[in-house]
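>>> just coords:
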């Protein structure tokens, strides 16, 4: 059965996730797109960078904000292979990301449709438009393969 | 009326918060302490650094992890002048911070005792010991003064 083709930014995020796995990091990748251009990329790197905040989304958001010279990514989209955690969802709100696209949902660590549900809190200052499921199968397979090899 | 003297790490965090205010940033400061030594410091800097993730806690945690050469801050304490937001609470959990001390509680943006209550989620992989209230009065006055000047 064929689904929709994976959109180009999600395909790039999946490539970054594979790079993370190759470096021994949990395979998650992310890109920030501004007016059709990728302006920031990231893959999970907490172990390699000795940085507990170095999730794919944070790395991509920081790169994009540096590229724009602005801490607000008002007209930007974030594409990420996995449902963001509380830290990353908080960063997405602070950055004023306009649209969030994520692949696989994450019942164990996600904080968009699970757990802390950061964007659903009345306190949340900014809620992006949220789309999910693109690239889901491949993102999930990457993660399952990674954790299977760890056992 | 006299209260307890402000513990030294919180006094340092308050100094960092005042530096943030002087730089036109929301006055929040943080330090990470490891075995009695400050190994990471931070103050709010999202505007100046063009980095939406540059909250005091994130800056301090990244510096501490760099100093230890480890993404886990297992034996560390984080002292911060304000109740952490969802992003920072998530980072504290990822970093495995042992003890969290914060000054003022933050009903508008806090995610420890308010809103997303990140550490109370069953998914949360690590919950630090949490202490609050030290330096509360001064931390609160700094923030109120800052936002008053903005109006």
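Looks like it came in fine. Since the structure is predicted, the reported quantities are computational estimates derived from the model, not experimental observations.

>>> what is the rounded mean pLDDT of the strand or helix carrying residue A:143?
Using DSSP states H and E, residue A:143 maps to helix A:136-150. For helix A:136-150, mean pLDDT rounds to 92.

>>> center of chain A - which residue?
With distances taken as CA atoms, centre = their mean, residue A:80 lies nearest the centre of chain A, 2.9 Å away.

>>> other SSEs contacting the helix holding residue A:143?
Based on contacts counted as 3 or more CB pairs under 8 Å, 6 or more residues apart in numbering or on different chains; DSSP states H and E, the elements that helix A:136-150 packs against are helix A:8-22, strand A:76-82, strand A:99-104. (C-beta placed from N, C-alpha, C; glycine too.)

>>> okay, those, which one's buried deepest?
strand A:76-82 (a mean of 28; mean count of other CB atoms under 10 Å in any protein chain shown).

>>> That one - what's its average pLDDT?
For strand A:76-82, the per-residue pLDDT averages 98.

>>> The helix or strand just after it and chain B in contact?
The C-terminal neighbour of strand A:76-82 among helices and strands, as given by DSSP H and E, is helix A:86-95. Yes - counting by CB under 8 Å from any CB of the partner chain, chain B is contacted by helix A:86-95 at A:86, A:87, A:88, A:89, A:90, A:91, A:93, A:94, A:95.

>>> how about helix A:86-95: buried residues?
By neighbour count with 16 or more other CB atoms under 10 Å in any protein chain shown, helix A:86-95 contains the buried residues A:86, A:87, A:88, A:89, A:90, A:91, A:92, A:93, A:94, A:95.

>>> Might you report the residue contacts of the fourth one?
Spelled out, that is residue A:89. Going by CB atoms under 8 Å, 6 or more residues apart in numbering or on different chains, residue A:89 touches A:111, A:112, A:116, A:118, A:119, B:86, B:87, B:90.

>>> The closest residue to the fifth one other than its chain neighbours: what secondary structure?
Nearest in space to residue A:119, with sequence neighbours left out and distances taken as CB to CB, 6 or more residues apart in numbering or on different chains, is residue A:127 at 4.4 Å. For residue A:127, the secondary structure call by DSSP: H, G, I helix; E, B strand; the rest coil comes out as coil.

>>> Quick check: the gap between residue A:127 and residue A:97.
Using CB to CB, to the nearest Å, one gets 10 Å for the distance from residue A:127 to residue A:97.

>>> What's the first helix or strand after the helix or strand harbouring residue A:33?
Per DSSP H and E: residue A:33 is located in strand A:29-34. Counting by DSSP H and E, the next helix or strand C-terminal to strand A:29-34 is strand A:37-43.

>>> Is there proximity between that next one and chain B?
No - using CB under 8 Å from any CB, strand A:37-43 never reaches chain B; the gap is at least 11.4 Å.

>>> low-scoring pLDDT stretches of chain A, where are they?
A:1-4 (pLDDT under 70).

>>> on that earlier part again, adding distance to chain B, write the helices and strands packed on helix A:136-150 out as TSV.
Listed next are the helices and strands packed on helix A:136-150 as TSV, based on distance: least, CB to the nearest CB, whole Å:
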stretch	distance to chain B
helix A:8-22	14
strand A:76-82	11
strand A:99-104	14
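
>>> Now distance to residue B:71 too, for these, in a markdown table please.
Output for these, formatted as a markdown table (distance: least, CB to CB, whole Å):
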| stretch | distance to residue B:71 |
| --- | --- |
| helix A:8-22 | 14 |
| strand A:76-82 | 18 |
| strand A:99-104 | 23 |
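
>>> returning to that earlier point: so the residue nearest to the centre of chain A sits against residue A:103, correct?
Yes - here residue A:80 reaches residue A:103: they are 7.2 Å apart, a contact under CB atoms under 8 Å.

>>> Which residues are in contact with each of these two?
By CB under 8 Å, 6+ apart, residue A:80 and residue A:103 have these common neighbours: residue A:13.

>>> was I right about residue A:69 contacting residue B:50?
Yes - Residue A:69 lies in contact with residue B:50 (CB under 8 Å); the separation is 5.4 Å.

>>> So for these two, which residue has more residues nearby?
residue B:50 (18 against 7; other CB atoms under 10 Å in any protein chain shown).

>>> residue contacts, the more buried one?
Residue B:50 touches A:65, A:66, A:68, A:69, A:70, A:71, counting by CB under 8 Å, 6+ apart.

>>> The fourth one and residue A:118, how far apart?
Distance from residue A:69 to residue A:118, counting by CB to CB: 26 Å.

>>> Burial check on the residue lying closest to residue A:116 once chain neighbours are set aside, number of neighbours?
The spatial neighbour of residue A:116 that comes closest, neighbours along the chain excluded (CB to CB, 6+ apart), is residue B:116 at 3.9 Å. Residue B:116 has 28 neighbours, counted by other CB under 10 Å.
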